[in-house]
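A.B. asks: Need coordinates for the following:
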Amino acid sequence: MESSVDVNSQWPESNDLGCPPCIKTVNCALQGSGNAVGPATLGRHLARRLVQVGVRDVFSVPGDFNLTLLDHLIAEPELNLVGCCNELNAGYAADGYARSRGVGACVVTFTVGGLSVINAIAGAYSENLPVICIVGGPNSNDYGTNRILHHTIGLPDFTQEYRCFQTVTCAQVIVNNLDDANELIDHAISTALIESKPVYISISCNLSAIPHHTFSHEPVPFCLTSRLSNPTSLEAAVEATAQFLNAAVKPVLVGGPKLRVAKAKDAFGELANASGYAVAAMPSAKGQVLETLPHYIGTYWGAVSTAFCAEIVESADAYLFAGPIFNDYSSVGYSLLLKKEKAIIVQPNRVTVTNGPTFGCVLMKDFLEALAKKLKRNTTAFENYQRIFVPQGVPLKGAPNEALRVNVLFKHIQAMLSNDTAVIAETGDSWFNCQKLKLPEKCGYEFQMQYGSIGWSVGATLGYAQAAPDKRVIACIGDGSFQVTAQDISTMIRSGQKNIIFLINNGGYTIEVEIHDGPYNVIKNWNYTGLVDAIHNGEGKCWTTKVKTEEEVIEAIKTAEGPKKDCLCFVEVIAHKDDTSKELLEWGSRVAAANGRPPNPQ
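C.D. replies: Here you go, the predicted structure:
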């Protein structure tokens, strides 16, 4: 039985109006399928709980402390264990899986695995993704002793890993006895779902196979509590916002990345349609704001915005930002021309109206739905956009055998997009080139902007494709990023995935070059297609090619979408080291200026 848990993301971080959060109990569909297999052990309980919350694939790396637990996970008929090449990629895969399916899980071994996966878990935390990180821990008899174990730093202290995870997860539990194992596991999983953040579960290696009276063959269903908006606070927030926006001459709407965690994507679309306002998306919200909305004007990213978008947003006399994150990257080195007195900032659980009051205990989804009924329709900003808009030029067609330009490559990637595809964009120039792609309504789109960890996209592509087998994933990855996590191309092939990977080989860390150049940004060139062929080793379905001209790109795409449509397709694109988007050039110089600010006077 497919199950879904529709709970809101977080308890209020602050109580701006002095009101307690309103809570209701919701039926969260944590019901079992009745497929009781084997004794009621700890391992089986965990496996069934994962299935109940919607996990069907778990990404793992074996180690001596988690082997018995893995036996119980693979014994669960509704759970598929995906073995990864390293823990970092397993975590990235769980991240990508959670983006598509709503929750992800990975299993690693004590400390050497846990500290390896922790970077991926930190990234999931920054993106509000519920990833359940499970670690096979020491034997329960070793706790409280003075023993020194392997996979540790040589001290009789087993808490190092636990303490590291405390800062990047919303709940941490160590299961080293059976009496409270049921309670601890359920607490961690439910907290991940409610707060939409990763959690850490450590399970002693000798406990997984042991039956206990607290477990049943089918775990007892439980319910989660979900926040409700405080009616008084909601009404006041809507009234104050409507009064401000209805008095504006040319208001605009801007969607931010926290639309996902607030589950407010549809509500934002309803508000956009009802208000008639010009609608933009922050760069990290691409894929969360429908680009088919009738008044959509593009990406608002300060100086590197979609053409004519920044001019409309920054000249507006009122703007509503739904779920924004303003950091040095999204603000292009803190250079946005926005004014607080013109802004309505809507976060998942609060609304701030210009320089005035903040209304707490207000869920974004409820607020946007209620506001849509209160706003006067105003199309002025969009009409201004239409007056100044000039269509972007189409990249010139390459001359016969002319070296391929990256903007020409992305012209052809644009033509590949449909409702049956999804785009994964790696940190680097792919951020900027993919940002300009126009997405069909159901085309998926993911990238990791807040954390910006290079190499993320390899594991994320593996996880997203595993969660959404009905979509063909198109991944755009730079050569520098690919060298960090290349191994799990192997897992994609072993899993029978049909992704199309464009590896853009320009000989270095281009995004770093445009921030601050140096010899450290040049990397050793690989024969990337040769590497993938070696990984393929004739086992599974995989096709590779190397392209240097537009004609070769056209032929490669034709092959990938035709005779090789059921294969993993790897296209190595040879590009000039200085062939970057104009947006990266501008963005890089502004971020460099922000990074290089001198210390404030003492």
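A.B. asks: Spell out, range by range, the helices that occur in the stretch 101-250 of the chain.
C.D. replies: Ranges of helices in the stretch 101-250 of the chain, per DSSP state H, counting those that start in this stretch, are 114-126, 160-165, 181-195, 231-246.
A.B. asks: winner for burial among these?
C.D. replies: Burial of the helices of the stretch 101-250 of the chain is given as mean neighbour count (mean count of other CB atoms under 10 Å); helix 114-126 ranks first at a mean of 23. C-betas here are computed from N, CA, C, even on glycine.
A.B. asks: Only the C-alpha atoms, please, for that one, written as CSV.
C.D. replies: C-alpha atoms of helix 114-126 as CSV (Å, rounded to 0.1, in the frame of the first residue of the first chain):
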residue,chain,number,x,y,z
GLY,A,114,28.7,8.3,9.7
LEU,A,115,31.3,11.0,9.5
SER,A,116,31.6,10.3,5.7
VAL,A,117,27.8,10.8,5.1
ILE,A,118,27.5,13.8,7.4
ASN,A,119,28.2,16.3,4.6
ALA,A,120,25.3,15.1,2.6
ILE,A,121,23.1,15.1,5.7
ALA,A,122,24.1,18.8,6.4
GLY,A,123,23.0,19.6,2.8
ALA,A,124,19.7,17.9,3.3
TYR,A,125,19.2,19.9,6.6
SER,A,126,19.9,23.2,4.7
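A.B. asks: need the strands for the stretch 151-300 of the chain, in chain order.
C.D. replies: 172-175, 199-204, 224-228, 252-255, 278-281, 296-299 (DSSP state E, counting those that start in this stretch).
A.B. asks: any low-confidence regions in the chain?
C.D. replies: 1-38, 222, 513-514 (pLDDT under 70).
A.B. asks: residues in contact with the residue of it positioned farthest from its centre?
C.D. replies: Most distant residue from the mean C-alpha position of the chain: residue 146, 41.2 Å away (CA atoms, centre = their mean). Taking CB atoms under 8 Å, 6 or more residues apart in numbering, we find residue 146 in contact with residue 156.
A.B. asks: burial measure for the residue nearest to residue 379 when sequence neighbours are not counted, as a count.
C.D. replies: Counting by CB to CB, 6 or more residues apart in numbering, residue 276 is the residue found nearest to residue 379 once chain neighbours are left out, at 4.2 Å. By the criterion of other CB atoms under 10 Å, residue 276 has 20 neighbours.
A.B. asks: now do residue 177
C.D. replies: For residue 177, the neighbour count with other CB under 10 Å is 13.
A.B. asks: Any figure for the gap between it and residue 394?
C.D. replies: 66 Å (CB to CB, to the nearest Å).
A.B. asks: For residue 582, give its distance to residue 477.
C.D. replies: Distance, residue 582 to residue 477, by CB to CB: 21 Å.
A.B. asks: More neighbours: which of these two?
C.D. replies: Shown here are residue 582 and residue 477; by other CB under 10 Å, residue 477 has more neighbours (27 against 10).
A.B. asks: OK, contacts around the more buried one?
C.D. replies: Residue 477 touches 426, 430, 457-458, 501-504, counting by CB under 8 Å, 6+ apart.
A.B. asks: Among those residues, which ones are in helices?
C.D. replies: Assigned to helices by DSSP state H, the following of the contacts of residue 477 qualify: 430, 457-458.
A.B. asks: Identify the residues contacting the nearest residue to residue 374 once chain neighbours are set aside.
C.D. replies: The shortest distance from residue 374 to any non-neighbouring residue, by CB to CB, 6+ apart, is to residue 242 (3.9 Å). Counting by CB under 8 Å, 6+ apart, residue 242 makes contact with 371, 374-375.
A.B. asks: same thing but 10 Å
C.D. replies: Counting by CB atoms under 10 Å, 6 or more residues apart in numbering, residue 242 touches 370-371, 373-376.
A.B. asks: Next: residue 272.
C.D. replies: 253, 255, 278-279, 289-290, 293-296, 322, 368, 372.
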